[in-house]
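Participant: Using only what follows, build the 3D model:
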Amino acid sequence: MNYKLGLKVLSAAMLLSVTSASADVKCKAVYGEGERTFKLATGSPGELGLLKVIAEKFSSINNAKMCWVKAGSGKSLKYLKNKDVDIVMVHAPAGEKKAIKEGWAIKRTLIGSNEFYIAGPKNDPAGISEAKTVASAYDKIAKAKAPFISRGDNSGTNKKELAIWKKANIKPKGEWYIITKDFMMASLKEANNVNGYFMTDSSTWVAGMKEMNNLKVLFKGDPMLVNHYHALAQAKGATKSQDLASKFVDFIASEEGQKIISDYGVSKYGLPMYNNAKNTH
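Facilitator: As a prediction, this is how the structure comes out:
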């Protein structure tokens, strides 16, 4: 191979590598109007519409639009580390703290919370409604070999689920343990379809409960099930829109941003879908 040809092959390989790494970083939606765009990765807050409301308000005062990249917490943090997005809204505390410690994220800010519920068949074949702890509830499901839906996607929800199995000293496997590799609402619907158990966040349950004719909430209230959301931005100068990401973190934490979070869902469902940071426990 001559020198020029070798350079061409090397350049093509490098381009393919970059393309492959960011091929799935696509805008699920674009919110607001403005001359500049910043990218934010998150899952349920985008699925449930909260992100759209916050982004459109932010856009109206900052001449910027937001590209929402739909991803669970694990993938969102990966995108942030790879500089594919400018900001994330996630619920994966260990990963968040690692990002700050290693210096590829800044401004980790509590923006609010919801909680996890264990929904399941109305006749509760595993008897989890009698459990005292969430680990005990999982133990009952495993012993009954009742269908259990797992997202299995390295999301914050999946990480929490695996932590509970670990606390219960159980490695789930078998036909009863069903992995969807899908997002929250789709996985909740699958649990309804197969009459199985699923750990859903309270916000998704509020949005979808009228469609879940086979399910009801059977367990909640364990402190382990509190679900904190944080925003993290790129380090200063890391991406061309890092300044907008930093401003967005400040906006979410502001009184106006926090009011949007605490009010969201009330008009449609009669109760809020998220707690703001002040009401997070």
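Participant: Every contact and neighbour count from this point should use C-alpha atoms.
Facilitator: Fine.
Participant: Which parts of the stretch 1-150 of the chain are helices?
Facilitator: Under the criterion DSSP state H, counting those that start in this stretch, the stretch 1-150 of the chain contains helices at 3-22, 44-47, 50-62, 73-81, 93-102, 134-144.
Participant: From residue 245, how far out is the residue lying closest to residue 62 once chain neighbours are set aside?
Facilitator: In space, residue 62 comes closest to residue 34 once its chain neighbours are excluded; the distance is 7.7 Å by Cα to Cα, 6 or more residues apart in numbering. To residue 245, residue 34 is 14 Å away according to Cα to Cα, to the nearest Å.
Participant: low-confidence ranges in this protein?
Facilitator: Within the chain, the segments meeting pLDDT under 70 span 1-23.
Participant: ok, back up a step: backbone phi and psi for the residue nearest to residue 62, please?
Facilitator: With angles defined as degrees, to the nearest 10, residue 34 sits at phi 170, psi 170.
Participant: for residue 103, same thing?
Facilitator: Torsion angles, degrees, to the nearest 10, at residue 103: phi 90, psi 10.
Participant: Tell me, how many residues neighbour it?
Facilitator: Residues lying near residue 103 (other Cα atoms under 10 Å) number 12.
Participant: From residue 81, how far off is it?
Facilitator: For residue 103, the distance to residue 81 equals 10 Å [Cα to Cα].
Participant: What ranges does the stretch 151-281 of the chain have for its strands?
Facilitator: Here the stretch 151-281 of the chain has its strands, by DSSP state E, counting those that start in this stretch, at 177-179, 197-201, 215-219, 226-233, 275-276.
Participant: still on that earlier bit, between residue 34 and residue 245, who's got more neighbours?
Facilitator: Shown here are residue 34 and residue 245; by other Cα under 10 Å, residue 245 has more neighbours (28 against 14).
Participant: picking up where we left off before, now, of the helices of the stretch 1-150 of the chain, which is deepest in the fold?
Facilitator: Greatest average neighbour count among the helices of the stretch 1-150 of the chain goes to helix 73-81 (a mean of 23), per mean count of other Cα atoms under 10 Å.
Participant: just checking, what packs against that helix?
Facilitator: Under the contact definition 3 or more Cα pairs under 8 Å, 6 or more residues apart in numbering; DSSP states H and E, helix 73-81 sits against strand 36-42, strand 87-90, helix 93-102.
Participant: roughly how far out does the longest strand anywhere in the chain sit from the chain middle?
Facilitator: Scanning the chain for the strand with the most residues, using DSSP state E, yields strand 106-121. Strand 106-121 sits 9 Å away from the centroid of its parent chain (Cα atoms, centre = their mean, to the nearest Å).
Participant: C-alpha coordinates for it, PDB please?
Facilitator: Extracted in PDB, the C-alpha atoms of strand 106-121 (Å, rounded to 0.1, in the frame of the first residue of the first chain):
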ATOM      1  CA  ILE A 106     -20.000  20.100  36.000                       C
ATOM      2  CA  LYS A 107     -23.000  21.800  37.800                       C
ATOM      3  CA  ARG A 108     -24.600  18.600  39.100                       C
ATOM      4  CA  THR A 109     -27.900  20.100  40.300                       C
ATOM      5  CA  LEU A 110     -30.900  18.400  42.000                       C
ATOM      6  CA  ILE A 111     -33.900  19.400  39.900                       C
ATOM      7  CA  GLY A 112     -36.600  17.200  41.500                       C
ATOM      8  CA  SER A 113     -37.800  13.700  42.100                       C
ATOM      9  CA  ASN A 114     -40.500  11.100  41.800                       C
ATOM     10  CA  GLU A 115     -40.600   7.600  43.200                       C
ATOM     11  CA  PHE A 116     -40.700   4.000  42.000                       C
ATOM     12  CA  TYR A 117     -43.800   1.900  42.400                       C
ATOM     13  CA  ILE A 118     -44.000  -1.900  41.900                       C
ATOM     14  CA  ALA A 119     -47.100  -2.500  39.800                       C
ATOM     15  CA  GLY A 120     -48.400  -5.900  39.100                       C
ATOM     16  CA  PRO A 121     -51.400  -8.100  38.500                       C
END
